[in-house]
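In: sequence isn't available, so here's the structure alone:
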């Protein structure tokens, strides 16, 4: 697990593995870590279980909505 600047074992998004089945989204290893990111983002991000069994992903519903509308 990547370490943060303070040396703790908290999960770091930038050091996350990437999911080849989900357009290279960051793989969040545990639901607890995903919940922590959602809380820090004050609800702007949502967690989503990886359909390939690789943990959790974070999504921005507003961005996803705009992206789909442009297609």
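Out: Nice, thanks for sending it over. Owing to the predicted nature of the structure, the values given are computational and were not obtained by experimental measurement.

In: ok, which stretches of the chain are helices?
Out: Taking DSSP state H as the criterion, the chain carries its helices at 31-40, 61-70.

In: report the beta-bridge partners for the most centrally placed residue in the chain.
Out: The centre of the chain sits closest to residue 58, judged by C-alpha atoms, centre = their mean, with a distance of 3.1 Å. Under DSSP bridges, the beta-bridge partners of residue 58 are residue 47.

In: enumerate every residue touching it.
Out: Counting by C-beta atoms under 8 Å, 6 or more residues apart in numbering, residue 58 makes contact with 13, 25-26, 28, 34, 37-38, 41, 45-48. Any C-beta I mention is one placed from the backbone N, CA and C, and that applies to glycine too.

In: hang on, the earlier thing: what's the least confident stretch among the helices of the chain?
Out: Comparing mean pLDDT across those, the weakest is helix 61-70, with a mean of 64.

In: show me the shaky parts of the chain.
Out: The chain contains residues with pLDDT under 70 at 1-11, 63-71.
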